[in-house]
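Novice: Quick check, what structure comes out for this input:
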Amino acid sequence: MGTYLVHHDIMRDYMFHFLYSGTSMYNFHNSWMEILTDCGTLDTLPYKRFRWAWHAYLNLLDIPAAEGFYCPKCRDNPRSIVMDGTTLGYHQRYSAKHSTEVAQQQDGPSHRGR
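Specialist: Numbering: from 1, shown residues only. Reported below is the predicted structural model:
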């Protein structure tokens with residue numbers, strides 16, 4: 001056909017990896033390419049084309065993106081805004097406290113010493 005095909009199951013797999021574990025598209029693509037290489041597949045899909053496939057997949061979904069930013073009752077004039085904290089939070093691994101704990105657990109010479 002002169003192009004590529006990406007099965008919707010791969011797109012769904014990425015979607016759930018992103019939603020439940022925060023896996024980036026780039027990391028998912030790298031993992032998927034590694035799996036294909038391990039299986040002996042000679043053809044690989046460049047990251048740019050995987051990204052295009054993802055956007056094409058999103059266009060097939062029946063998700064009214066513009067509607068997601070409106071309250072079903074108040075529409076675009078809400079009296080109050082409530083957030084769940086997840087959107088405002090960040091992974092604990094990015095905190096300074098976690099970084100120092102990880103650094104203290106490592107054995108061997110420091111980066112500067114190496």
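
Novice: rest of the way, CA atoms for contacts and neighbours
Specialist: Noted.

Novice: Identify each buried residue in the strand or helix carrying E34, please.
Specialist: Counting by DSSP states H and E, the element that carries E34 is helix 25-38. Buried residues in helix 25-38, defined by neighbour count with 16 or more other CA atoms under 10 Å: M25, F28, H29, W32, M33.

Novice: worst-scoring helix or strand of the chain, pLDDT-wise?
Specialist: None of the helices or strands of the chain scores lower by mean pLDDT, DSSP states H and E than helix 96-105, at a mean of 53.

Novice: Point out where this structure drops to low pLDDT.
Specialist: The chain contains residues with pLDDT under 70 at 1-2, 65-69, 82-114.

Novice: Ends of stretch 61-77, what's the gap?
Specialist: The straight-line separation of the ends of stretch 61-77 (CA to CA, to the nearest Å) is 27 Å.

Novice: can you give me the helices in this protein?
Specialist: Here the chain has its helices, by DSSP state H, at 8-21, 25-38, 47-60, 96-105.

Novice: and the second one, C-alpha only, in CSV?
Specialist: If I follow you right, that is helix 25-38. The C-alpha coordinates for helix 25-38 follow below in CSV (Å, rounded to 0.1, in the frame of the first residue of the first chain):
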residue,chain,number,x,y,z
MET,A,25,4.2,8.4,23.8
TYR,A,26,7.9,8.4,23.1
ASN,A,27,8.6,5.8,25.8
PHE,A,28,5.7,3.6,24.7
HIS,A,29,7.0,3.8,21.1
ASN,A,30,10.5,2.8,22.2
SER,A,31,9.1,-0.2,24.1
TRP,A,32,6.9,-1.2,21.2
MET,A,33,9.9,-1.0,18.8
GLU,A,34,11.9,-3.2,21.2
ILE,A,35,9.2,-5.8,21.3
LEU,A,36,9.0,-5.8,17.5
THR,A,37,12.8,-6.2,17.3
ASP,A,38,12.7,-9.1,19.8
